[in-house]
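Enquirer: from the sequence below, what's the structure:
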Amino acid sequence: MQELVERFGVGLVFVNVLALSLGLPVPAMPTLIVVGAGIALHADPAWPALLGVLAVSVSASLLGDAAWFFAGRRYGSRTLQSLCRLSLSRDSCMKQTERVYGRFGIRVLAVAKFVPGLSMVAVPLAGAMQAGLPRFLRYDGLGAALWATVGLALGVIFSRQVEGVLLALSQLGVGALALVAAGLVLYVGYRWWRRRALFRMLEAARIEPAALDALVRAGQAPAILDIRAPGFRDVDPFIIPGAVFADERRLDDIMATVPRDRRVVIYCACPDEVSAAWLAGQLRRRGYLDAVPLRGGIDAWRAAGLPVAPIGGEGTFGIGDSRLGMTG
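Expert: Coordinates of the predicted model:
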């Protein structure tokens, strides 16, 4: 990496940071650290070069993030779903980001780059929620500047240690590259194995939208739980008629509201209904004999030509709401 930095300099920083902002698994932070260390050791004075690298890094980050911001603004939830399908942690990345964004709003972009996975979803989520472009650029630019400053500062502070590590790696030659590649393969393989194990555990019956609609029409409507995070409901402000909002983390509230002998159908905004399947499993272990996810969630419900209701309309309640009337 040291040879690449010395040969290509600021251009390597631009390409690395841009690629990271676009979602590619590249070592942008290590590149910044190495560049910061190189400048500290070889440039005098160092601050003009550091400011130049900082400006290039922020520009690259804003360029990549802007692409996802406008994708989110144009395509909404489809962009978020696509991102989480590409993620190794797709069962949690969207849910966690929606909750954090719902609490702090667009201000979360100021620190999002320090949290793995948060920036990748928070940026298009800001676009999907129609955040203003000036506010997006302000907070995203601040976050990019803070992140790049930390990387460069670490390189400056630990320049001698970085130089020693690079020297040791250079002595290993091809062995160092093989070691890094092996570590990456092991990491990706472990995450893939965990996902396969999760899906094997969650492989259980799903109910199809047409079957749920038939139950409702026959007067046998189950308790329908919408466990999408508030941020996603802001992006897609519709529910399946009769559904109530619930938070799968508050299992006691759900059990206090929904009788154990009642059929339960759950839908979420997660790829492969992971969160819904998890909650269905938790309920079955607690005595709910017929708790299942809705295959495809509300998107599959719509695709089947079935009606949705606007959030906030009559009959839109949440678990714990005294008007819910599901305890009988």
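Enquirer: what mean pLDDT does stretch 215-235 have?
Expert: Taken as a whole, stretch 215-235 has a mean pLDDT of 88.
Enquirer: again with stretch 158-178
Expert: 72.
Enquirer: for stretch 261-280, same thing?
Expert: On average, stretch 261-280 scores 84.
Enquirer: start and end of stretch 238-253, how far apart?
Expert: Stretch 238-253 has an end-to-end distance of 23 Å (C-alpha to C-alpha, to the nearest Å).
Enquirer: chain center to it, what's the gap?
Expert: From the chain centre to the centre of stretch 238-253 is a distance of 21 Å (C-alpha atoms, centre = their mean, to the nearest Å).
Enquirer: 677 is where my numbering starts, stick with that
Expert: From this message on, residue numbering opens at 677, which makes the last subject stretch 914-929.
Enquirer: flag every buried residue along it.
Expert: Buried residues in stretch 914-929, counting neighbours by 16 or more other C-beta atoms under 10 Å, are found at 914-924. Quick note: C-beta positions are derived from backbone N, CA and C, even for glycine.
Enquirer: same question, stretch 894-905
Expert: Per 16+ other C-beta under 10 Å, stretch 894-905 contains these buried residues: 897-905.
Enquirer: can you give me the strands in the stretch 777-926 of the chain?
Expert: 899-902, 914-915, 920-921 (DSSP state E, counting those that start in this stretch).
Enquirer: among those strands, which is nearest A967?
Expert: With C-beta to C-beta as the measure, strand 899-902 is the member of the strands of the stretch 777-926 of the chain nearest A967 (9.0 Å).
Enquirer: listing partners with orientation, what would you give for that closest one?
Expert: The strands that strand 899-902 pairs with in its sheet are strand 920-921 (parallel), strand 940-943 (parallel) (by DSSP bridges).
Enquirer: ok, back up a step: pLDDT added to the buried residues of stretch 914-929, as CSV?
Expert: Below are those laid out as CSV (pLDDT from 0 to 100):
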residue, pLDDT
F914, 91
I915, 93
I916, 94
P917, 93
G918, 92
A919, 93
V920, 93
F921, 92
A922, 92
D923, 88
E924, 86
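Enquirer: now flag whichever of these is closest to L855.
Expert: E924 (40.3 Å).
Enquirer: I figured the closest one hits S951, correct?
Expert: Yes. If you go by C-beta atoms under 8 Å, E924 and S951 touch, sitting 6.0 Å apart.
Enquirer: show me whatever sits in contact with both of these two.
Expert: I903 (C-beta atoms under 8 Å, 6 or more residues apart in numbering).
Enquirer: isn't V968 up against I942?
Expert: Yes. Between V968 and I942 a contact is recorded at 7.3 Å, counting by C-beta under 8 Å.
Enquirer: which residues are in contact with both of these two?
Expert: In contact with both V968 and I942: A956, using C-beta under 8 Å, 6+ apart.
Enquirer: who has more neighbours out of the two?
Expert: I942 (28 against 23; other C-beta atoms under 10 Å).
Enquirer: ok, V787 to Y815 distance?
Expert: 9 Å (C-beta to C-beta, to the nearest Å).
Enquirer: by mean pLDDT, which helix or strand of the protein comes out lowest?
Expert: When each helix and strand of the chain is scored by mean pLDDT, DSSP states H and E, helix 678-684 comes last, with a mean of 57.
Enquirer: and the helix or strand following it, what other elements does it pack with?
Expert: As assigned by DSSP states H and E, the chain's next helix or strand after helix 678-684 is helix 686-697. If you count contacts as 3 or more C-beta pairs under 8 Å, 6 or more residues apart in numbering; DSSP states H and E, helix 686-697 packs onto helix 704-718, helix 723-751.
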